[in-house]
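Peer 1: Provided below for reference: sequence and predicted model.
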Amino acid sequence: MKHLSLLFILLLSFSVSFAQNTQRSIPGQQAALKRMQNLYDSLSPMQKNMFLTEIKHIMVPEVTIVQPGRTDDDPPSDAIILFNGTDPNKEWQESGFGPDRKMTLKPAVTWIVKDGAIESSKGSGSLTTKRSFEDFQLHIEWKTPSVITGEGQGRGNSGILIQGIYEVQILDSYNNRTYRNGQAGAVYMQYAPLVNVSRKPGEWQSFDIIYTAPRFRNDSTFFTPPRVTIFHNGVLVQNNVEIQGPTVSPGIPQYVINAHGPGPISLQQHGNPVAFKNIWIREL
Ligand code: MG
């Protein structure tokens, strides 16, 4: 109680002094500051700690309340649901080669929706969100085929293209040797995952991706590069790495200044049937 009384007196003194400062001359302000300093100096070390702690407790604005999902894989209340097993055409569009061999948007998504998941069909194109994003937290679950065909990069290959240009690799990396910076959880051709935490083919796996978009100056001559953190099946595989530039294949990514605004999320069609489900995103 004694401590609280002291704190109250101090806070009152500070308030009165600051109020007076607005009306007083410089000498008056100096006198008020001196009085505050004397009061502060008269406190014991513990009282000083209590006082400093008190003034550092920030109460407003209150932290926004978000209702968490039923499990940590379920979307919280502020998430945008990108796919939950229903019509994919609401949030996604599909690109593909038209009869004239030009890349075009298809009238509707041709990927197959089944058992709450969506899977690329033979001859389909990549899916791209209709919305565009900057900084985000993305949850996505994916599954490569249980029947193994192909090897290396030809086995369960897909990918998540952040802002349409930076690829996080999806691959069946369970007992499937390939270059380290091209396996599941890699920032393709830039960063290998910290560990290989792949589940067996045919089992559902998850990525949780935290992405910070690049910042550009008006003249595009300088930017803060994009950064990404990735959890694969709940395990950290990319720790806030600095993306070096748009993914290119074949070729070596260049750290190119290439100003762009918000961009979509794309699910890569790489010729292998890969399924996705429970896709949600939070804009940050
Ligand atoms: Mg890929």
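Peer 2: Cool, the structure landed.
Peer 1: Residue of the protein nearest the ion, please.
Peer 2: Here the residue of the chain nearest the ion is Gly159; by Cβ to the ion that distance is 3.3 Å. Bear in mind the C-beta positions are built from the backbone N, C-alpha and C, glycine included.
Peer 1: residues near Gly69, how many?
Peer 2: Applying other Cβ atoms under 10 Å, we find 15 residues neighbouring Gly69.
Peer 1: pLDDT at it, what is it?
Peer 2: Note on Gly69: pLDDT of 97.
Peer 1: can you check Phe222 too?
Peer 2: 68.
Peer 1: same thing with the one 10 residues further on?
Peer 2: Predicted confidence (pLDDT) for His232: 98.
Peer 1: State the distance from the nearest residue to it once chain neighbours are set aside to Asn258.
Peer 2: Once flanking residues are discounted, His232 sits nearest to Gly185: 4.3 Å by Cβ to Cβ, 6 or more residues apart in numbering. For Gly185, the distance to Asn258 (Cβ to Cβ, to the nearest Å) stands at 25 Å.
Peer 1: of those two, who's got more company?
Peer 2: Applying other Cβ under 10 Å to Gly185 and Asn258 shows that Gly185 carries more neighbours, namely 28 against 13.
Peer 1: I'd like the distance between the more buried one and Ala275.
Peer 2: Look at Gly185 and Ala275: by Cβ to Cβ, they are 18 Å apart.
Peer 1: and what of Ala32?
Peer 2: 69 Å.
Peer 1: Residues of this protein that sit close to the ion?
Peer 2: Residues of the chain lying near the ion by Cβ under 5 Å from the ion: 157, 159, 270.
Peer 1: wait, what's in contact with the first one?
Peer 2: Contacts for Asn157 (Cβ atoms under 8 Å, 6 or more residues apart in numbering) come out as 169-171, 268, 270-272, 274.
Peer 1: Same list (those residues) but as TSV, adding pLDDT.
Peer 2: Shown next, in TSV, are the contacts of Asn157 (pLDDT from 0 to 100):
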residue	pLDDT
Gln169	97
Ile170	98
Leu171	97
Gln268	91
His270	85
Gly271	85
Asn272	88
Val274	95
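Peer 1: now, which of the residues you listed sits nearest Asp115?
Peer 2: Nearest to Asp115 out of those is Val274 (Cβ to Cβ; 14.8 Å).
Peer 1: so what's the closest residue to that closest one other than its chain neighbours up against?
Peer 2: Spatial nearest neighbour of Val274, chain neighbours left out: Ser158 (4.0 Å); criterion: Cβ to Cβ, 6+ apart. Ser158 is in contact with 120, 142, 170-171, 267-270, 272, 274, counting by Cβ under 8 Å, 6+ apart.
Peer 1: again, 6 Å this time
Peer 2: Taking Cβ atoms under 6 Å, 6 or more residues apart in numbering, we find Ser158 in contact with 170, 268, 270, 274.
Peer 1: Next, format these as a markdown table and append neighbour count and secondary structure.
Peer 2: Formatted as a markdown table, the contacts of Ser158 follow (neighbours: other Cβ atoms under 10 Å; DSSP: H, G, I helix; E, B strand; the rest coil):
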| residue | neighbour count | secondary structure |
| --- | --- | --- |
| Ile170 | 29 | strand |
| Gln268 | 22 | coil |
| His270 | 17 | coil |
| Val274 | 23 | coil |
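Peer 1: Alright, I will stop here.
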